[in-house]
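> Sequence plus the predicted model coming up.
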Amino acid sequence: MITSLKQRRARDNILSRLRAAPQSAQEAVPDVAAYYREAPVVTAGSKVERFIEQATYWHAQVVEAGVDAWPEAVLKVAQDKQLRRILLGRDSPIGDALGRVLPPDWTTWYQGDWPLCKPHLFDEVDAGITSTVAGIARTGTLVLWPGAAEPRTLSLVPPVHIAVLFASSLHETWLDAATVGNWSARMPTNVVLVTGPSKTADIQRLLVYGAHGPCELVIVLVHDEPAGRGTT
């Protein structure tokens, strides 16, 4: 009780000082569009080619698949890497398709029961599979929107993260993706940007993968572009 009272007093003191402080002029909003206009224009290759080049540069593995065969591509990744304990969201955009292909004894469905799922996720799971909302060709970055069906832990905790990216959702820059998708009208609480597997060089300046998350990132890139798109 005493601690709680001290915390409230500290909070009230901070808020009172903030309210009493003179109101400074509002800072101008950065002109993000101008930044991208001044950046060099990329013309070589397609967005798909640029994305693959950048993603592999950051040590992600990219597996290309057709629009009808990508679940089988995910299965092959699991087989090749001997991933026998896979966690994914049943109600996610990719859940139904993967549920028809992945062996039931390899699959655990995340269904929102966090207390029951937590020990399994941290101690047993080999891989987490997530959908994506976009890819950024210039940097090889994935954009994930975690939610009730796919919590961010699916991409952050298991040692292997498998992400399904549809080529039709590739954009040259973050600004392009946000503008085309009208994200300002429907931005979620969390947006996760993934560029390669987790890595750090904080310890003795040695580059170590998997220190703060997955040590492997596999991107299943689905070629679903309509004719005439995805080439610039």
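Cool, got the structure.
> looking at the chain, which helix or strand does the model trust least?
Of all the helices and strands that make up the chain, helix 32-38 has the lowest average by mean pLDDT, DSSP states H and E, namely a mean of 76.
> okay, which residue is most central for the chain?
In the chain, the centroid-proximal residue (C-alpha atoms, centre = their mean) is Leu144; its distance is 3.6 Å.
> Make sure it is actually in contact with Val133.
Yes. Taking C-beta atoms under 8 Å as the definition, Leu144 is a contact partner of Val133 at 6.9 Å. The way it works is simple: take the backbone N, C-alpha and C, and place the C-beta from them, glycine included.
> Who does Val143 form a beta bridge with?
Applying DSSP bridges to Val143 gives these bridge partners: Ala134, Leu193.
> So what does the nearest residue to Trp174 once chain neighbours are set aside look like in phi/psi?
With C-beta to C-beta, 6 or more residues apart in numbering as the measure, Ile136 is the residue that lies nearest to Trp174, at 5.7 Å, once sequence neighbours are left out. The phi and psi values for Ile136, taken as degrees, to the nearest 10, are phi -110, psi 110.
> Please state the offset of the least confident helix or strand of the chain from the chain centre?
On the basis of C-alpha atoms, centre = their mean, to the nearest Å, helix 32-38 is displaced by 24 Å from the centre of the chain it belongs to.
> do the same with stretch 149-162
In terms of C-alpha atoms, centre = their mean, the centre of stretch 149-162 is found 9 Å from the chain centre.
> Quick one: end-to-end distance for that stretch.
The first residue of stretch 149-162 is 16 Å away from its last residue (C-alpha to C-alpha, to the nearest Å).
> now swap in stretch 127-136 and tell me
Comparing the first residue of stretch 127-136 with its last one, the separation is 23 Å (C-alpha to C-alpha).
> secondary structure class for Val62?
Reducing the assignment at Val62 to three states with DSSP: H, G, I helix; E, B strand; the rest coil gives strand.
> If it is in a bridge, with which residues?
Partner residues in beta bridges with Val62: Ile219, with DSSP bridges as the criterion.
> rewinding a little: correct me, but the residue nearest to Trp174 touches Ala178?
No. Assessed by C-beta under 8 Å, Ile136 is found out of contact with Ala178, at 10.3 Å.
> Between the two, which is the more surrounded one?
Relative neighbour count places Ile136 above the other of Ile136 and Ala178, with 24 against 17, counting by other C-beta atoms under 10 Å.
> show me what contacts that one?
Contact criterion C-beta atoms under 8 Å, 6 or more residues apart in numbering gives Phe51, Leu142, Val143, Leu170, His171, Glu172, Thr173, Trp174, Ala177 as the residues in contact with Ile136.
> how deep is the closest residue to Val180 other than its chain neighbours tucked in, by neighbour count?
Nearest residue to Val180 in three dimensions, chain neighbours excluded: His171, at 6.5 Å (C-beta to C-beta, 6+ apart). His171 has 20 neighbours, counted by other C-beta under 10 Å.
> Using PDB, write out every CA atom in stretch 187-200.
What follows is stretch 187-200 as a C-alpha-only set of coordinates in PDB (Å, rounded to 0.1, in the frame of the first residue of the first chain):
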ATOM      1  CA  MET A 187      -2.800   0.300 -38.300                       C
ATOM      2  CA  PRO A 188      -2.700  -2.500 -35.700                       C
ATOM      3  CA  THR A 189      -1.300  -2.200 -32.200                       C
ATOM      4  CA  ASN A 190       1.900  -4.000 -33.200                       C
ATOM      5  CA  VAL A 191       3.800  -4.000 -36.500                       C
ATOM      6  CA  VAL A 192       6.800  -6.300 -36.700                       C
ATOM      7  CA  LEU A 193       9.500  -5.700 -39.200                       C
ATOM      8  CA  VAL A 194      11.700  -8.700 -39.900                       C
ATOM      9  CA  THR A 195      15.000  -8.400 -41.800                       C
ATOM     10  CA  GLY A 196      16.900 -11.600 -41.600                       C
ATOM     11  CA  PRO A 197      17.100 -13.900 -38.600                       C
ATOM     12  CA  SER A 198      17.800 -12.600 -35.100                       C
ATOM     13  CA  LYS A 199      21.400 -11.500 -34.600                       C
ATOM     14  CA  THR A 200      23.700  -9.500 -32.400                       C
END
